[in-house]
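> fold the following for me, if possible:
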Amino acid sequence: MAPLPKTFDCYAVEARGALAEGRTQDAITIVVERLRTGTASAELQALAARLLRPPKKGRGKPKSDPSHWFEIGTEFEDQMSRMGLSYEEAAAALAKKFGYSERQIGVAVRYFRDRMSDAE
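Modelled structure (predicted):
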């Protein structure tokens, strides 16, 4: 078995694991204990800095899923396969039914197809 690198810090690994699991207070406790003893590695100090001053959030409204994307996607696929409608005809019919523009229907259908391909 290969030896661990000299810069390996098990406390930093433990703190990052706690953060990944959503246990922020546990991670802070680990970082503070190592900082108080004066033996914190550079990696642990960088983690402490990130905890003290997290990165800035983006501007504007956070991106969200298109409304009714699942219903629109399933009906769109159904209309194209079962009813034999073209892309434009199916988009126009769903735009009228849901009260959206054809562009919004296209966005919802692309989102639906992406999610379905991720699920496979």
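
> contacts for stretch 75-83?
Residues from elsewhere that reach stretch 75-83, judged by C-beta atoms under 8 Å, 6 or more residues apart in numbering: 85, 86, 87, 89, 90, 91, 93, 94, 97, 105, 109, 112. The C-beta positions use only the backbone N, C-alpha and C, and glycine is treated the same way.

> return the closest of those with respect to residue 14.
residue 112 (40.3 Å; C-beta to C-beta).

> leaving out sequence neighbours, find the closest residue to the closest one.
Distances taken as C-beta to C-beta, 6 or more residues apart in numbering put residue 73 closest to residue 112, at 2.5 Å, once the chain neighbours are dropped.

> quick check: that neighbour touching residue 108?
Yes - using C-beta atoms under 8 Å, residue 73 is in contact with residue 108, at 6.3 Å.

> roughly how far apart are residue 70 and residue 58?
Going from residue 70 to residue 58 by C-beta to C-beta, to the nearest Å gives 26 Å.

> the two: who's more crowded?
Remark: of residue 70 and residue 58, residue 70 carries more neighbours, 14 against 8, as counted by other C-beta atoms under 10 Å.

> which helix or which strand is home to that one?
Of the helices and strands defined by DSSP states H and E, residue 70 is found in helix 69-81.

> list the buried residues of that helix.
Within helix 69-81, the residues scored as buried using 16 or more other C-beta atoms under 10 Å are 69, 72, 73, 75, 76, 79, 80.

> can you check stretch 39-55 too?
By neighbour count on 16+ other C-beta under 10 Å, the buried set for stretch 39-55 is 40, 43, 44, 47, 48.
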